[in-house]
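*Asks:* next one to model:
(4 chains)
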There are 2 protein chains.
Amino acid sequence: MNIGDVAQKAGLPPKTIRYYEDIGLIAPLRDTNGYRVFRDSDLHKLAFLGRARALGFTIEDCRTLLALYEDDTRASADVKELAQAHLAKIEDKIAQLESMRGTLFDLVKSCAGDNRPDCPILSDLATGQH
Amino acid sequence: MNIGDVAQKAGLPPKTIRYYEDIGLIAPLRDTNGYRVFRDSDLHKLAFLGRARALGFTIEDCRTLLALYEDDTRASADVKELAQAHLAKIEDKIAQLESMRGTLFDLVKSCAGDNRPDCPILSDLATGQH
DNA sequence: CCTTGACCCTCCAGCGACTGGAAGCCCTAT
DNA sequence: ATAGGGCTTCCAGTCGCTGGAGGGTCAAGG
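*Replies:* Here you go, the predicted model:
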């Protein structure tokens, strides 16, 4: 398979796939013309990476996950720990965003949004007082 | 005021303040020795920026907000529109993270987390099937 | 046999919003 | 005179790609 085919099948842009090779996540073969040649195992890894990235794992997490995946003597506890730590980070981020959302929502609600200049949003930003 | 004082009062690192000057958000004066000299108005702007950034506005949004703040002929509608668009983006991000959180939570829950190798997290990543 | 167009290659630069570090000047206190 | 802290500039790195330039390769059609 050439890069275009794998890109299609894995749902990742060719650029991203080249990048993943650059940073050593995959190691496709090379044809005599210099073209990358992808085995099924490469496609499989790319799909794995795509799903892990879609769950928000960092590239380094993905590297670790791939290694764990390929190591059949792993302990599921190691995977769970990684996933749990990531889950905690996501929950933190959600909480942060929720808090922003709350404040912003109130501000937007309290702003007339007409063509007069008075604006509680700006006065809040200016003074930090609601 | 020197940069250290403003940094303290505005709750922003000196590096960030220098960066904000670099990109033209503020324009402090200069002492004969080359040190930045901050007026109250500079501190005020920095506090404004800090709060806007804490609400997740981008730097470019902040630039616009500052301009609106300084323009007393603005229409509050312009501010409201900006804030509303930002709110929408935040809500999108929250939804995305919630979706990740849901999947991850299920995966973590379903993983034994012992020292056996079987791991539903990895099999999900490998196959895309739950 | 030649051309066209779709692929593929590498390498470099840029995104956003800082942050770390090096190298060096300035100011105050002892 | 020196030690320390604070200030300056400039460059490089972060993360995960993404865009573009400049060029080689391949299969199909005329």
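
*Asks:* can you name the residues that contact A:Ala83?
*Replies:* B:Leu104, B:Leu107, B:Val108, B:Cys111, B:Ile121 (C-beta atoms under 8 Å, 6 or more residues apart in numbering or on different chains). (Glycine included, C-beta is placed from N, CA and C.)

*Asks:* may I ask which two of the residues you listed are separated the most?
*Replies:* Of all pairs drawn from those, the one with the largest separation by C-beta to C-beta is B:Leu104 and B:Cys111; the distance is 10.6 Å.

*Asks:* quick revisit: near chain A too, which of the contacts of A:Ala83?
*Replies:* Among the contacts of A:Ala83, the residues lying close to chain A (C-beta under 8 Å from any C-beta of the partner chain) are B:Leu104, B:Leu107, B:Val108, B:Cys111, B:Ile121.

*Asks:* top of these by neighbour count?
*Replies:* B:Ile121 (25 neighbours; other C-beta atoms under 10 Å in any protein chain shown).

*Asks:* kindly state the pLDDT recorded for the closest residue to A:Leu68 other than its chain neighbours?
*Replies:* Setting aside the residues directly before and after it, A:Leu68 is nearest to A:Arg74 in space (C-beta to C-beta, 6 or more residues apart in numbering or on different chains), at 4.7 Å. At A:Arg74 the predicted local distance difference test score is 96.

*Asks:* just the pLDDT for the residue nearest the centre of chain A.
*Replies:* Against the mean C-alpha coordinate of chain A, by C-alpha atoms, centre = their mean, the closest residue is A:Gly56 at 3.6 Å. The model reports A:Gly56 with a pLDDT of 97.

*Asks:* measure the residue nearest to it when sequence neighbours are not counted to A:Tyr20 for me?
*Replies:* With C-beta to C-beta, 6+ apart as the criterion, A:Gly56 has its nearest non-adjacent residue at 4.8 Å, and that residue is B:Met100. Using C-beta to C-beta, to the nearest Å, one gets 20 Å for the distance from B:Met100 to A:Tyr20.

*Asks:* show me which of the two is the more surrounded one.
*Replies:* Neighbours around B:Met100 and A:Tyr20, counted as other C-beta under 10 Å, are more numerous at A:Tyr20. The numbers are 23 against 19.

*Asks:* where's the more buried one, which helix or strand?
*Replies:* Per DSSP states H and E: A:Tyr20 is located in helix A:14-22.

*Asks:* so is that helix next to DNA strand D?
*Replies:* Yes: looking at helix A:14-22 against DNA strand D by C-beta under 7 Å from any atom of the strand, the contacts come from A:Lys15, A:Thr16, A:Arg18, A:Tyr19.

*Asks:* near DNA strand C too, which of the residues you listed?
*Replies:* With C-beta under 7 Å from any atom of the strand as the criterion, the members of the residues of helix A:14-22 next to DNA strand D in contact with DNA strand C are A:Arg18.

*Asks:* how far away is A:Leu125 from A:Arg101?
*Replies:* Summarising the geometry, the distance separating A:Leu125 from A:Arg101, computed by C-beta to C-beta, is 16 Å.

*Asks:* of the two, who's got more company?
*Replies:* Set A:Leu125 next to A:Arg101 and count neighbours by other C-beta under 10 Å: A:Leu125 wins out with 26 against 18.

*Asks:* count the residues that sit near the residue in chain A that DNA strand C sits nearest to.
*Replies:* Closest approach of chain A to DNA strand C (C-beta to the nearest atom of the strand) occurs at A:Gly4, with a separation of 2.8 Å. Here the neighbour count serves as a burial measure; for A:Gly4 (other C-beta under 10 Å) it reads 10.
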